[in-house]
Each structure stands twice: as C-alpha cells, then as structure tokens.
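Participant: sequence plus the predicted model coming up.
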Amino acid sequence: MQAVFSYVFLIFLAVISRSVLVVGNNYTEDFDEEVYDEQIVCGSPSYFPKLVNIKKIIRGVEAVNHSWPWQVSVFIDGEHECGGTLVNETFVLTAAHCTPDHGEASEMMVVLGAHNIMIEESQREEIQVYRIIRHPKYYADMNTFDIALLELETEVTFSKEIQPICLPSFDQIPSPGSTCYITGWGAVKDRDDAVEGDGSDMSEVLLQAPTTILSSQKCESFFGESILSDMVICGTSTRGDTCQGDSGGPLQCKSENGKWYLAGITSWGWKCGKGTPAVYTRVSKYLDWYEIETN
C-alpha cells in the first residue's frame with residue numbers, strides 16, 4: 001500500500017512540475033509561451049516593480065529588470081530620443097513633440113523589452129514604425145495636445161518582458177495626493193547644469209521614481225495660462241523628476257483592481273529636478289481620438 005502511494009505521489013509531482021503557474025499574471029520560469037500569450041493581461045507585469053520612496057530619475061534609481069514591460073524606447077536615426085508606452089500589439093503612445101516635424105516614419109524605430117538600452121539583450125525586440133499619428137490639434141509652441149500614436153510595421157510578440165499597459169477609463173484620473181510612477185532612460189542632470197563627464201548623459205539602464213499628483217488648482221498656480229489644466233496632469237516630488245529623453249514615456253498609476261494604467265504621457269516642465277512640477281498629457285481625455293485612429 002505504501003509503495004502504491006509513493007508511486008501516485010511521484011506522478012503528481014511530475015505533473016505539477018510541467019504545469020504553468022498563473023497567479024495574478026505572474027508565471028514560473030518554466031512557462032509555456034503559447035499559453036502565456038493566451039493569458040496576457042494588461043497592466044500586470046510578470047516581474048514586480050520595487051515601489052519604494054527612492055531618489056530621482058535624475059541622478060538615477062534603477063528599476064527592477066522588466067518590471068515596467070510596457071516601457072519602450074523611441075529611436076530616431078538610430079539613437080534613443082524619447083520614451084513611449086506599449087498599449088497593444090500594434091500601437092505605442094508617445095508625445096507628439098517626440099515625432100519628426102516632417103512626419104517621416106522611416107526614421108523611427110521602437111525598442112521593446114530593454115533594460116540596458118546600450119546592450120543587445122536577448123529579449124530585446126526592435127520594430128520599425130509604419131505610421132505616425134499626431135493629434136491634429138497639437139501645437140508645438142504651446143505644448144498642447146502633446147500626444148501621438150506610433151503604428152508598428154509588425155505586431156509585437158508578448159512575453160514576460162514585453163507586455164501592454166491598461167488604458168484608463170474615460171473618467172479615470174489619479175486623485176491629488178496619490179502616488180504614481182515615472183520611468184525612462186532620460187538625462188540624469190538638466191542640460192543647464194550639465195558638465196561633460198559628470199553623469200549628465202542619458203541613463204543606460206531604465207530608471208524609475210515616484211511622483212505625487214497635484215490638483216488642477218496647484219498646477220495652474222505654477223504655470224498659469226500656459227496649460228489647459230483639464231487636459232494635463234501635474235506631478236512633483238523631491239524624490240523624482242523626468243528630464244530630457246524621458247519625454248513620451250509613461251506616468252503609470254495603480255488602479256483599485258491592482259492593474260497599472262497609463263494616466264499620463266511625459267510632456268514638459270521647467271528645469272529638471274528643481275522641485276517644479278512636471279506636466280503629463282492626460283490620456284483619459286484622448287480616448288475618443290485613440291479609438292478613432294486605432295479602429
């Protein structure tokens with residue numbers, strides 16, 4: 001009887017060792033790629049980000065590898081120019097000011113699944129941009145309607161390192177005082193403060209920082225009539241800031257259901273790391289435009 005029990009137990013162990021464990025869209029190392037693609041859920045990274053009150057994107061806080069799997073690098077003429085956010089198999093959202101004025105998609109490429117942007121990592125995927133779709137009301141001099149879609153030439157292959165973020169609902173915005181996160185490979189010092197060789201270049205690894213959401217009233221008190229307060233989100237923190245090269249990247253917030261959603265797109269600000277708010281394009285205000293352009 002004991003021998004029969006041991007045999008059955010060994011079979012049970014063999015079966016579970018071959019299975020895929022799915023808990024909140026987190027997978028064991030021994031996962032089936034085909035099953036994984038079928039189970040993909042937006043805003044649910046396989047590698048949990050480390051959410052601690054750490055310093056800044058400026059001066060550098062390295063993210064956990066692939067813990068923000070929707071973060072992409074937008075390359076123009078072979079160099080990192082901006083950030084972007086993967087929202088489905090075909091489209092990346094970024095800032096309109098990150099796109100060429102003459103609209104040549106052939107100059108643009110997106111890099112997905114990267115952590116160190118300078119290394120050809122095995123999970124890295126590079127896809128050419130097929131079409132640039134700027135918001136028709138984008139006005140560079142005023143930084144208004146600063147949002148664009150990049151349609152990719154080929155569909156993205158989802159993996160543990162490459163996943164989409166959720167889009168917000170039409171009325172979903174982070175509440176004042178709440179904490180969201182910014183990520184990017186941008187400069188670690190403002191250009192005005194840069195000295196060659198002192199770490200003022202772009203970061204090689206993906207950095208992250210928490211940022212506190214401000215009310216529309218506080219945002220207007222900083223920028224006055226230079227912003228459309230109902231179209232943007234402002235965030236500030238003594239622990240984090242975006243800078244050159246972070247534009248177009250995500251302002252990501254965690255919803256009540258535990259999934260991350262794209263609240264904003266890094267747009268502009270005054271002097272990096274000086275305590276003034278950064279301005280993010282409010283994604284929930286552009287969902288009608290997004291749905292029309294993506295069919």
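Facilitator: In hand now; what should we look at?
Participant: only C-alpha atoms from now on, for both contacts and neighbour counts.
Facilitator: Will do.
Participant: worst-scoring helix or strand of the chain, pLDDT-wise?
Facilitator: Lowest mean confidence among the helices and strands of the chain (mean pLDDT, DSSP states H and E): strand 22-23, at a mean of 24.
Participant: same question for stretch 142-160: list its buried residues.
Facilitator: By 16 or more other C-alpha atoms under 10 Å, the buried positions in stretch 142-160 come out as 143-152, 156, 158-160.
Participant: sorry, wrong one. I was asking about stretch 91-109.
Facilitator: Phe91, Val92, Leu93, Thr94, Ala95, Ala96, His97, Cys98, Thr99, Ala105, Met108, Met109.
Participant: which one of these sits closest to Ser284?
Facilitator: Leu93 (12.6 Å; C-alpha to C-alpha).
Participant: mind checking how far the closest one is from Ile165?
Facilitator: In this view, Leu93 and Ile165 are 11 Å apart by C-alpha to C-alpha, to the nearest Å.
Participant: joint contacts of those two?
Facilitator: Thr85, Leu86, Val87 (C-alpha atoms under 8 Å, 6 or more residues apart in numbering).
Participant: of the residues you listed - the most surrounded one?
Facilitator: With neighbours taken as other C-alpha atoms under 10 Å, the top of those is Thr85, carrying 30 neighbours.
Participant: which residues touch Asp171?
Facilitator: With contacts defined as C-alpha under 8 Å, 6+ apart, Asp171 is in contact with Ser284.
Participant: could you check how far it is from Pro49?
Facilitator: 26 Å.
Participant: do Pro100 as well
Facilitator: 32 Å.
Participant: what do you get for Trp185?
Facilitator: 16 Å.
Participant: try Leu251
Facilitator: For Leu251, the distance to Pro49 - C-alpha to C-alpha - is 14 Å.
Participant: neighbour count winner among those two?
Facilitator: Between Leu251 and Pro49, counted using other C-alpha under 10 Å, Leu251 has the larger neighbour count: 26 against 14.
Participant: can you classify that one as helix, strand or coil?
Facilitator: Using DSSP: H, G, I helix; E, B strand; the rest coil, the structure places Leu251 in strand.
Participant: do the same with Tyr290
Facilitator: helix.
Participant: separation between it and Leu93?
Facilitator: Tyr290 sits 9 Å away from Leu93, taking C-alpha to C-alpha as the criterion.
Participant: what of Leu112?
Facilitator: 13 Å.
Participant: any chance you could map the strands in the stretch 151-295 of the chain?
Facilitator: 179-184, 207-213, 232-236, 250-254, 260-269, 278-282 (DSSP state E, counting those that start in this stretch).
Participant: tabulate those strands (a markdown table), appending mean pLDDT and distance to Ser67.
Facilitator: Formatted as a markdown table, the strands of the stretch 151-295 of the chain follow (pLDDT from 0 to 100; distance: least, C-alpha to C-alpha, whole Å):
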| stretch | mean pLDDT | distance to Ser67 |
| --- | --- | --- |
| strand 179-184 | 92 | 11 |
| strand 207-213 | 90 | 10 |
| strand 232-236 | 84 | 22 |
| strand 250-254 | 96 | 12 |
| strand 260-269 | 92 | 11 |
| strand 278-282 | 92 | 21 |
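Participant: number of nearby residues for Phe222?
Facilitator: Using other C-alpha under 10 Å as the criterion, the residues surrounding Phe222 number 13.
Participant: and Arg131, by the same measure?
Facilitator: 17.
Participant: where does it land in three-state SS?
Facilitator: strand.
Participant: report the contact partners of it.
Facilitator: Residues counted as contacts of Arg131 (C-alpha under 8 Å, 6+ apart) are Ala105, Leu150, Glu151, Leu152.
Participant: now do His135
Facilitator: With C-alpha under 8 Å, 6+ apart, His135 has these contacts: Ala96, Phe145, Asp146, Ile147, Ala148, Trp289.
Participant: ok, now how distant is it from Glu153?
Facilitator: In terms of C-alpha to C-alpha, His135 sits 20 Å off from Glu153.
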